[in-house]
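Trainee: Sharing a model prediction with you, sequence too.
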There are 2 protein chains.
Amino acid sequence: MCAKFSVVGKRSPKVGAVELATGKAKFTTDIGLPGMLYGKVLGSPHAHARIKKIDVSRAERLPGVVKVITYKDVPRVLFNPSVWYPNSLDPKDKYILNEKLRYFGEPVAVVVAVDEDTAEEALELIDVDYEALPAVFDPEEAMKPDAPKLHEFERNIAAHVMNSWGDLEKGFKESDYIFEDRYITSRQAHCSTEPHACLASYEDGKLTIFSGSQVHFKVRRLLSEIFNIPINSIRLISYYIGGGFGSRDEVILEPICALLAMKTGKPVKITMTRAEVFYATTTRHPAILNVKAGVKKDGTLVAMEVKGILNTGAYASHGPVVAGAMCFEDVGMYKTPNFSCDIYVVYTNTPIAGAFRGYGNSQMSFAIESHLDLIAAKLGIDPIEFRKKNVIKLGDVDRSYGYTLKSYGLEECIQKSLRKIAWKKEKIETTTVKRRGVGMAINRQGSGAAPALEEFSGAFVKINEDGTVAVLSGAVDIGQGISTTMAQIVAEVIGVPVEYVKVSNVDTDFCPADRGTYASGCMYISGEAVRRAAEDAKKKLLDAAAKIMKVKAVDLEIVDGIVRVKGKPSVKKPIREVVPEEPIISAATFKATMSPPSFGVHFVEVEVDTETGGVKVLKAVCAHDVGRAINPAVVEGQIEGGFVQGMGYALIEDLLVDGNGKILNAGFQDYKTYRPCDLPEIESIIVETIGSNEAFAARGVGEAAIKPSAPAVANAIFDAIGVRIKDLPITSEKILRALKSL
Amino acid sequence: MCAKFSVVGKRSPKVGAVELATGKAKFTTDIGLPGMLYGKVLGSPHAHARIKKIDVSRAERLPGVVKVITYKDVPRVLFNPSVWYPNSLDPKDKYILNEKLRYFGEPVAVVVAVDEDTAEEALELIDVDYEALPAVFDPEEAMKPDAPKLHEFERNIAAHVMNSWGDLEKGFKESDYIFEDRYITSRQAHCSTEPHACLASYEDGKLTIFSGSQVHFKVRRLLSEIFNIPINSIRLISYYIGGGFGSRDEVILEPICALLAMKTGKPVKITMTRAEVFYATTTRHPAILNVKAGVKKDGTLVAMEVKGILNTGAYASHGPVVAGAMCFEDVGMYKTPNFSCDIYVVYTNTPIAGAFRGYGNSQMSFAIESHLDLIAAKLGIDPIEFRKKNVIKLGDVDRSYGYTLKSYGLEECIQKSLRKIAWKKEKIETTTVKRRGVGMAINRQGSGAAPALEEFSGAFVKINEDGTVAVLSGAVDIGQGISTTMAQIVAEVIGVPVEYVKVSNVDTDFCPADRGTYASGCMYISGEAVRRAAEDAKKKLLDAAAKIMKVKAVDLEIVDGIVRVKGKPSVKKPIREVVPEEPIISAATFKATMSPPSFGVHFVEVEVDTETGGVKVLKAVCAHDVGRAINPAVVEGQIEGGFVQGMGYALIEDLLVDGNGKILNAGFQDYKTYRPCDLPEIESIIVETIGSNEAFAARGVGEAAIKPSAPAVANAIFDAIGVRIKDLPITSEKILRALKSL
């Protein structure tokens, strides 16, 4: 975008695009090892039960079966599958396999056999005597004193998290109006294209695991703890990864495969069926959010109180940290002088809820942005103006995190969006049956680092003899394009074409430790680590060139792979002629204590069929301040993907749990997502505010792109038909019911 | 050896010892990839021929055959298989496959099939019409003007290399005696336990090669040149390697497998048969060395002239650089004021000679150390005294390399050896039939770097969260134990048990570039690179610990994995408690311009059966100055292995070429080496002279251990029976013939 860059700001083709498009890219699902065995999991037929007796002898006698493991075979080490930091809020409440089962489909036993069919067949030969226990599926029910208890936590409360400032009581007293409402969000599934798979081998004390994780180094540490083996004896390797969205920010198959490899002495692979991915990985946390806001007549927010309950399912996983993120991130961007947010994280006998793009703030954003829209409508204030009045601005001190805002792109995002959307101008083409409306919502997003979470990355850079460059990073590309943007950063710094730069896959034996891919932090944190390593490598390269070219290093520049004297471009040499035999290598790290926030806005135009309740999204305009777009195409990919996932969240996506705790729609036949042919016109607008030095001022946009989508859709529906649906997804049925009750 | 070290100087078990001893270690021969094809090579039935016509259609029609390649299919890029530096003396004289064939067994065509048997069968279906050309096998014959010419080099001279100082003519005039003799050395085979194998795959522009090379980074560069693809698109990976001795310091199978993988789109593996390893890899250069020495009556060397011919076989390979090493290394350790050495490197229609432990100086040492023994005997001077008089000493300036000797362990080596060997005292147990004798020879050895060869290495170090340490090095362990000694260096520097440290295998995508394993340079060069990287990592670790422990970093020390306050050892924390989340990583390089030389001596006691000519080596005492022994067991392993390989060179090893250029003994049935049960008592004596700072002052010993072996054996035979055999191997036949001619 900026003329002074050669590579940064360019739409470089995504690394691996050809391999992905031609089906040649290898995913963990494609990987095999000689002599590999296959695992299949027996899932619990009860949402809550205790294994009274389990007999695997019939299964083990089936020809081709090598081993069957149960809870009796696993290390008695409790862990949290969120693999968070050792000092995390997230409680350790899970074994690899357990005698007590807490959700429908929870692994009871795992069969390893010479092929998948045999393993599958053997599942039926496992004799289990279950003691069914009373189950609870609703978090409010679960919090009652006499509810069935999942873990040793009073009232099934895994955590209670809060954030507050000012004097809430005083705030409400000073308010002219108080608006209170209850918002309910659904159990969205991640729906990554690649099903979860894991291949583990254990040879001579070395555990090697191929896994499409988002957090390889954290998984490594956790496995070290569970199996009590040194970190150096564990290696995790990534291949292509077909989407994560948070579902891979979790240990699921790795400890099982590791244990099986250790037990059998053979490589063991488990590939989940699509149904298993739906019921046995994780989902978004269903949330109940009660929002109470006090405002002055002029629209000034005076007080805001949010009380929430997160349904974390059978295990806490990320729940407590998700609740923390909810209390601080989006709700914290408003300048309310009196504020309180508190969230209960509650166990129920439902599938585990975990990390999911937005990390609690997709839920919070739906509640807050719907609620503010509701208030604006009640006060007769334009929703944009209402937000502008209350949101923090350049120079303001954020009350959640304590930083002073040094860059601010929200107003530019709004201005540019308004050129692309017909904002409340006229409702042309609106008939009595089909009504059109527009809605909007804003968001605020950090890039992965907050004071409570010191986030880090490291990078090694090597300049090869021919001037090509190898970058070793532990930041994993889960499809979002970080390999591409990191290559651009390195190419820009060193001064070579982007094709010269190859960013490694993740291999924990070789790559510097990296936090992982989550919280929109890769671009900012890992991007800055590779930038620093590239700067150091370039310095060494220029020193070497200076000796050969007999000039001072400061007088040299590198342009498009050519080292030349500044101001005398004819005095030049290609890098390959100045690279010394002594390798040019560098190592650099970046520890981020607070990432600069970005702001964004989504505008959505919908058409609602008042006879069927059907909603058609006609257009979306999504504008995001991304600091600097290293690769606008990659940013747009994130924005479009985020909007579509948010649109699904708004309108159709929900994993349904029946009265026995069983998922009813564990498959793409029944769990609907939007396909490319279903999509509206999406205008992605990139706004750049250069407010930091790290990673060329780039920031993350992965989560920002989903959060305002659902409330913008909901607000547009309200605008179209005057009906506000406060629980997701906003199905035709709910709309029709609401219209009828008008 | 020195009390101040915790890990350095200890006999740490060799890394991988258990895996190797239990047969679990994976070599390239063990590696497979899904869908892999197998290659088999058709070797030339002529020592010199031109392919008039080649028809592979019958072979390609055989079911299971995927592809057959001939010279028509290869890039027309000349290269030198020695993969030396771009500015090397070694001429580029070889294609992957060629129309002209220059030695018996030279690859004519390669079949790729679904299995080895099919590929083998298809070889017989390739129809080749050869035009046999006149061949020449003897290098002196080859230098005649009318000899058959192999390449476009006059008189088949690939190179003529020399080194000289002083005034030779004047020197000989000043001499009291002049002794001149001709020494001839044999064609020794490397006999690595693991046969050469290579597996290549080519996917989406990325060439991945599994190869038990000694020089992965050089192979990478060469493949980049041959196939004109960027270095970043080529990856070489090592597994366990079953011995090299120089035979893997050469490109042999890699370009063939790479080409086949590219042509077929499948992984292709070639595993050589043992016979192929004998005739189609490389051998030691047979040498003819004419030594003329002028001495004063008191034994002072006044002039020395060596004129040599190296038979490089069909291609130059390392020949010219080997000749260079011969002119400088061992012959250059004598203070002769007038000196000249010149070597012709000559093509013949015999198997290619290449790098081999000693690198020309096993040959030179046999000639010089035999010749000096002969002179000492003629002058009636003790061979030890004769050498002491003439060899350079502490403070002397070396005439070959120009350095001043700053450490010198030779005298200590001799003194300590004399306590272990009965040096010319009495010939007890000597009968008229069986006669005993003792002999000795000395050597001088650099550690891989000389002024003409700037040698380098790099290392990355990572400290894991639990205090274990990962070291990324491109230095390849070919069985000599460099992974073990590098781990000890890193453990010593950081202050952790050696078990905490894991040194990577070589993976060119991840490891810093390294020169490779040759010229006894790994310990000194790569050892210093890892030491530097470890120092940097330790500094970062102490800085992190200082913050947590609230003391100054300089007041901290790390002992056995515990960080503690100096002088207050009770104030301590295990490393795992001070490692920050931000990764501790480091990168360091070392460029060596001149490695410090080491000296050594071998004493050998033999018993010669004068009726059969049989020689029995009774005892060997091998003393070497190794700077510092990082791991005495590893050093002793090198010394013992080197002596045994030298003893084989002295007495039994020779690859025999018949009148058609065919190897007669290409197999362990006919090519004899010494087995463990054949070995004499070997006393390894380690002498330490701390004369440098690099790698804790450690130096290489791999080549030093072989060089004085053959002349010490020869000199002992002379001592026993008064007969001097001047051509290797010293067979019973030669001894009997010599005894008869007395």
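Mentor: On my side now, so go ahead. Residues are numbered from 1 along each chain as shown, chains lettered A, B, ... in the order given.
Trainee: Does A:D477 touch A:I241 like I think?
Mentor: Yes: A:D477 is within contact range of A:I241, at 6.9 Å (criterion: C-beta atoms under 8 Å). No exception for glycine: its C-beta is placed from N, CA and C like everyone else's.
Trainee: What distance separates the opening and closing residues of stretch A:13-24?
Mentor: Separation of the first and last residues of stretch A:13-24 by C-alpha to C-alpha, to the nearest Å is 17 Å.
Trainee: which intervals of chain A have sub-threshold pLDDT?
Mentor: Within chain A, the segments meeting pLDDT under 70 span A:1-3, A:84, A:86, A:426-430, A:451-453.
Trainee: Contacts only, for the residue of the stretch 1-150 of chain A found nearest chain B.
Mentor: In the stretch 1-150 of chain A, the residue that lies nearest chain B is A:E19 (5.0 Å; C-beta to the nearest C-beta). For A:E19, the contact set (C-beta atoms under 8 Å, 6 or more residues apart in numbering or on different chains) comprises A:25, A:240, B:204.
Trainee: Got a PyMOL select line for the buried ones in these?
Mentor: For the buried members of these, the matching PyMOL selection, counting by 16 or more other C-beta atoms under 10 Å in any protein chain shown, is:
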select buried, chain A and resi 25+240
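Trainee: possible to save the contacts of A:E19 as TSV with distance to A:V291?
Mentor: What follows is those, written out as TSV (distance: C-beta to C-beta, whole Å):
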residue	distance to A:V291
A:A25	44
A:Y240	41
B:D204	51
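Trainee: Which of the contacts of A:E19 sits closest to B:G702?
Mentor: Closest approach between those and B:G702, by C-beta to C-beta: B:D204, at 39.5 Å.
Trainee: Now do the closest residue to the closest one other than its chain neighbours against A:P13, distance only.
Mentor: Spatial nearest neighbour of B:D204, excluding adjacent residues (C-beta to C-beta, 6 or more residues apart in numbering or on different chains): A:E19 at 5.0 Å. Here the criterion is C-beta to C-beta, to the nearest Å. By it, A:E19 lies 11 Å from A:P13.
Trainee: got the domain boundaries for chain A?
Mentor: What the record gives for chain A is the domain set A:28-133+A:195-239+A:248-280, A:136-194+A:282-405, A:451-592, from automatic domain parsing.
Trainee: how distant is the first one from the center of its chain?
Mentor: The reference is to domain A:28-133+A:195-239+A:248-280. 23 Å (C-alpha atoms, centre = their mean, to the nearest Å).
Trainee: what's the first-to-last distance across that domain?
Mentor: One end of domain A:28-133+A:195-239+A:248-280 sits 18 Å from the other (C-alpha to C-alpha).
Trainee: got TSV for the domains of chain A, with distance to B:E120 too?
Mentor: TSV is the format used below for these (distance: least, C-beta to C-beta, whole Å):
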stretch	distance to B:E120
domain A:28-133+A:195-239+A:248-280	22
domain A:136-194+A:282-405	41
domain A:451-592	37
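Trainee: near chain B, which residues of the stretch 451-600 of chain A show up?
Mentor: Contact residues (C-beta under 8 Å from any C-beta of the partner chain) of the stretch 451-600 of chain A with chain B: A:454, A:456-458, A:460, A:462, A:464-466, A:468-470, A:472, A:474, A:500-502, A:504, A:507, A:509-515, A:580-583, A:585-587, A:589-591.
Trainee: Is there a quick ChimeraX command that grabs whichever of those residues are buried?
Mentor: Here is the ChimeraX selection string for the buried members of these, based on 16+ other C-beta under 10 Å:
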select /A:454,456,457,458,460,462,464,465,466,468,469,470,472,474,500,501,502,504,507,509,510,511,512,513,514,515,580,581,582,583,585,586,587,589,590,591
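Trainee: Whichever strand or helix holds the residue of the stretch 1-150 of chain A closest to chain B: which residues count as buried?
Mentor: Counting by DSSP states H and E, the element that carries A:E19 is helix A:17-21. For helix A:17-21, the neighbour count (16+ other C-beta under 10 Å) marks A:E19 as buried.
Trainee: Now the element after that helix, going C-ward?
Mentor: Next along the chain after helix A:17-21, taking DSSP H and E as the criterion, comes strand A:37-43.
Trainee: That next one pairs with which strands?
Mentor: If you go by DSSP bridges, strand A:37-43 pairs up with strand A:107-113 (antiparallel), strand A:268-271 (parallel).
Trainee: what residues does it touch?
Mentor: A:66, A:104-116, A:118-120, A:122-123, A:126, A:128, A:256-257, A:260, A:264, A:266-270, A:276, A:279-280.
Trainee: And for stretch A:200-211?
Mentor: The contact list for stretch A:200-211 (C-beta under 8 Å, 6+ apart) reads A:28, A:31, A:33, A:197-199, A:219, A:223, A:227, A:229, A:233-239, A:253-254, A:257-258, A:260-262, A:265-269, B:18-19, B:24, B:26.
Trainee: Just those: which are in helices?
Mentor: Cross-referencing the contacts of stretch A:200-211 against helices under DSSP state H gives A:219, A:223, A:227, A:254, A:257-258, A:260-262, B:18-19.
Trainee: so A:A712 makes contact with A:E369?
Mentor: Yes: using C-beta under 8 Å, A:A712 is in contact with A:E369, at 7.4 Å.
Trainee: what touches both of those two?
Mentor: A:A441.
Trainee: These two: which is more packed in?
Mentor: The neighbour count for A:A712 versus A:E369, taken as other C-beta atoms under 10 Å in any protein chain shown, is higher for A:A712 (36 against 28).
Trainee: State the helix or strand in which that one lies.
Mentor: Using DSSP H and E, A:A712 sits in helix A:709-721.
Trainee: Quick check: buried residues in the helix or strand following that helix?
Mentor: Following helix A:709-721 in sequence order, the next helix or strand is helix A:732-740 (DSSP H and E). In terms of neighbour count (16+ other C-beta under 10 Å), helix A:732-740 has its buried residues at A:732, A:734-736, A:738.
Trainee: Same check on stretch A:386-406?
Mentor: Buried residues in stretch A:386-406 (16+ other C-beta under 10 Å): A:386-387, A:389-392, A:398-401, A:403, A:405.
Trainee: try stretch A:687-696
Mentor: Using 16+ other C-beta under 10 Å as the test for burial, stretch A:687-696 gives A:687-689, A:691-692, A:694-696.
Trainee: now swap in stretch A:253-268 and tell me
Mentor: The neighbour-count check on stretch A:253-268 (16+ other C-beta under 10 Å) flags A:253-264, A:266-268 as buried.
Trainee: again with stretch A:584-604
Mentor: Neighbour-count burial for stretch A:584-604, counted by 16+ other C-beta under 10 Å, picks out A:584-592, A:594-604.
Trainee: which residues in the stretch 251-400 of chain A form strands?
Mentor: Using DSSP state E, counting those that start in this stretch, the strands found in the stretch 251-400 of chain A span residues A:268-271, A:287-295, A:301-313, A:338-347.
Trainee: Any chance you could list what contacts the first one?
Mentor: Going back to what we said before, that points to strand A:268-271. Strand A:268-271 has contacts (C-beta under 8 Å, 6+ apart) with A:29, A:31-33, A:36-41, A:110, A:112, A:116, A:195-201, A:253, A:256-257, A:260-261.
Trainee: Would you list the buried entries among those?
Mentor: Applying 16+ other C-beta under 10 Å to those, the neighbour count classes A:29, A:31, A:33, A:36-41, A:110, A:112, A:116, A:195-201, A:253, A:256-257, A:260-261 as buried.
Trainee: Going along the chain, name the helices of the stretch 501-650 of chain A.
Mentor: A:527-549, A:575-578, A:632-651 (DSSP state H, counting those that start in this stretch).
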